[in-house]
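Engineer: Sharing a model prediction with you, sequence too.
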Amino acid sequence: MRKTLAVLIPLMLAGCASLPSTSQQDSKLILAEPLVTSFQSEVELARLEEILSRADLNNEQRAQVLYRRGVVYDSVGLKALARRDFNRAIQLKPDMADAYNFIGIQAISAEEYEQAYEALDAAIDLDPKHEYAFLNRGIALYYGDRPELATQDLETFLNLQPNDPYRVLWLYLAEEATNPAEAKTRLAYNATKLHGDVWANQLVALYEGKISEAAFIDGLKDNVDSNRTLAERLCEAYFYLGKLHQQKGEVGAAINFFKLALTTNVQDFIEFRYARLELKRMRRDLTLQKTG
């Protein structure tokens with residue numbers, strides 16, 4: 001699920017590969033060529049650098065260019081440079097909700113939850129209609145071990161677009177952390193609002209148990225015409241498969257799927273960002289179990 005700008009990638013087709021089993025049933029997992037930084041992104045960064053060197057920009061204009069450059073930096077994995085630009089942007093334009101939103105996202109990845117709450121609170125205060133600030137604050141609360149509060153934000157986010165399967169899933173993840181049985185019931189209800197031939201509806205069907213994991217994986221290449229499309233789909237699929245196995249207590253399988261999500265290198269998807277966070281948290285838990 002992309003929350004930043006898209007970049008263009010040369011089209012390269014990928015196929016299937018037999019990998020070690022991650023569940024009770026052996027299956028063929030699909031791989032994509034990892035995405036690489038696009039030439040267009042490099043050109044845009046150079047163009048933005050030239051614009052910033054001009055002396056005739058006012059503070060608001062300079063803040064907008066810094067924000068844009070921060071978005072591009074973030075999309076190619078240069079998180080520290082992106083964070084610097086977002087902070088510089090809000091120094092020049094303190095009411096820039098989008099910059100606060102990005103600062104909040106980056107704070108989640110760094111597990112700096114109090115800073116994430118502050119930044120995302122600011123984004124929502126400045127722009128109460130900023131949909132993705134509600135998503136990101138909900139995710140911050142979820143990873144910050146406040147699932148009840150996360151549920152409130154993620155429900156707000158879902159209500160703004162009830163037919164979005166990703167919104168359904170994130171609300172379910174928060175609700176499952178507090179009441180698994182009720183979360184399943186709510187998931188089934190929210191799933192009735194999903195319509196159309198949207199690939200991500202299969203994610204919800206998987207969580208409902210309406211399709212098997214093997215059937216889900218077999219369908220990942222359906223209607224895929226480029227390596228970018230495949231990589232994006234796999235990034236999402238493997239992240240949510242990781243979360244599903246995590247819920248079942250299947251730590252090894254969950255870790256494998258989070259690693260597979262990272263192999264796509266889809267830097268501008270939240271699933272990529274939080275697959276890394278999930279791995280860090282799970283490894284920390286495993287270390288504590290061994291030492292405890």
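Structural biologist: Arrived safely.
Engineer: And the nearest residue to residue 139 once chain neighbours are set aside, what's its pLDDT?
Structural biologist: With sequence-adjacent residues excluded and distances taken as C-beta to C-beta, 6 or more residues apart in numbering, residue 139 is closest to residue 108, at 6.1 Å. Every residue, glycine included, has its C-beta placed from N, CA and C. Looking at residue 108, its pLDDT stands at 97.
Engineer: Ok, residue 39 next?
Structural biologist: 87.
Engineer: Also residue 197?
Structural biologist: Looking at residue 197, its pLDDT is 87.
Engineer: try residue 103
Structural biologist: pLDDT at residue 103 comes out at 97.
Engineer: cool, residue 55 as well?
Structural biologist: You'll see residue 55 listed with a pLDDT of 81.
Engineer: Surely it is within a strand?
Structural biologist: No - according to DSSP: H, G, I helix; E, B strand; the rest coil, residue 55 belongs to no strand; its state is coil.
Engineer: Next, it: phi, psi?
Structural biologist: Residue 55 has phi and psi values of phi -90, psi -10 when expressed as degrees, to the nearest 10.
Engineer: ok, now how distant is it from residue 264?
Structural biologist: 42 Å (C-beta to C-beta, to the nearest Å).
Engineer: between these two, which one's more packed in?
Structural biologist: Of the pair residue 55 and residue 264, residue 264 is the one with more neighbours under other C-beta atoms under 10 Å, namely 28 against 4.
Engineer: Could you pull up the residues touching the more buried one?
Structural biologist: The contact partners of residue 264, by C-beta atoms under 8 Å, 6 or more residues apart in numbering, come to 32, 34-35, 231-232, 234-235, 238, 272.
Engineer: Tell me which residues are up against the helix or strand where residue 85 lies.
Structural biologist: Element membership of residue 85 [criterion: DSSP states H and E] is helix 79-92. Helix 79-92 is contacted by residues 59-60, 62-64, 66-67, 69-71, 73-74, 96, 99-100, 102-103, 106, 109 when judged by C-beta under 8 Å, 6+ apart.
Engineer: Check the burial of residue 219 by counting its neighbours.
Structural biologist: Other residues close to residue 219 by other C-beta under 10 Å number 16.
Engineer: Quick check: phi and psi on the nearest residue to it once chain neighbours are set aside?
Structural biologist: Counting by C-beta to C-beta, 6+ apart, the nearest residue to residue 219 once its immediate chain neighbours are dropped is residue 202, at 6.3 Å. Dihedral angles phi and psi of residue 202 (degrees, to the nearest 10) take the values phi -70, psi -30.
Engineer: measure residue 202 to residue 155 for me?
Structural biologist: Distance from residue 202 to residue 155, by C-beta to C-beta: 23 Å.
Engineer: Residue 122 too?
Structural biologist: For residue 122, the distance to residue 155 (C-beta to C-beta) stands at 21 Å.
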